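Asker: make a model of this:
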Amino acid sequence: MEILILGIGCPKCQALEKVVKEVVEDMKIDTKVSHIYDIRQFVKYGVRITPALIIDNKVVLEGKVPSREELKNLMKNIIKN
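Answerer: Here you go, the predicted structure:
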């Protein structure tokens, strides 16, 4: 599983990165979380509002920071499929 955070480094982007890393650790998911700051990459994924969460090259969240529970549920659904 590849997890990317897209964002310019604003407080929301940093908050998303933090909650993603916490959930990955809580769920014991063996992956690396990377943060991409390059706006050209945002366009590549079709992201217009940051922060954005990309999992396995698919935009799964854009423009908000979910709670830990929301993110855990999202991750569980992705892992199931």
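Asker: pLDDT score for Ile79?
Answerer: In this prediction, Ile79 carries a pLDDT score of 84.
Asker: check contacts around it.
Answerer: Met1, Ile29 (C-beta atoms under 8 Å, 6 or more residues apart in numbering). Where C-beta positions appear, they are placed from N, C-alpha and C, glycine not excepted.
Asker: how about the strand or helix carrying it as PDB, C-alpha atoms only?
Answerer: Assigned by DSSP states H and E, Ile79 falls within helix 68-80. Only the C-alpha atoms of helix 68-80 are listed here, as PDB (Å, rounded to 0.1, in the frame of the first residue of the first chain):
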ATOM      1  CA  ARG A  68      -9.100   9.200  13.600                       C
ATOM      2  CA  GLU A  69     -12.300   7.100  13.500                       C
ATOM      3  CA  GLU A  70     -13.300   8.400  10.100                       C
ATOM      4  CA  LEU A  71      -9.900   7.600   8.700                       C
ATOM      5  CA  LYS A  72      -9.800   4.200  10.300                       C
ATOM      6  CA  ASN A  73     -13.100   3.300   8.700                       C
ATOM      7  CA  LEU A  74     -11.900   4.600   5.400                       C
ATOM      8  CA  MET A  75      -8.700   2.500   5.600                       C
ATOM      9  CA  LYS A  76     -10.600  -0.600   6.600                       C
ATOM     10  CA  ASN A  77     -12.800  -0.200   3.500                       C
ATOM     11  CA  ILE A  78      -9.800   0.200   1.300                       C
ATOM     12  CA  ILE A  79      -8.000  -2.800   2.800                       C
ATOM     13  CA  LYS A  80     -11.100  -5.000   2.300                       C
END
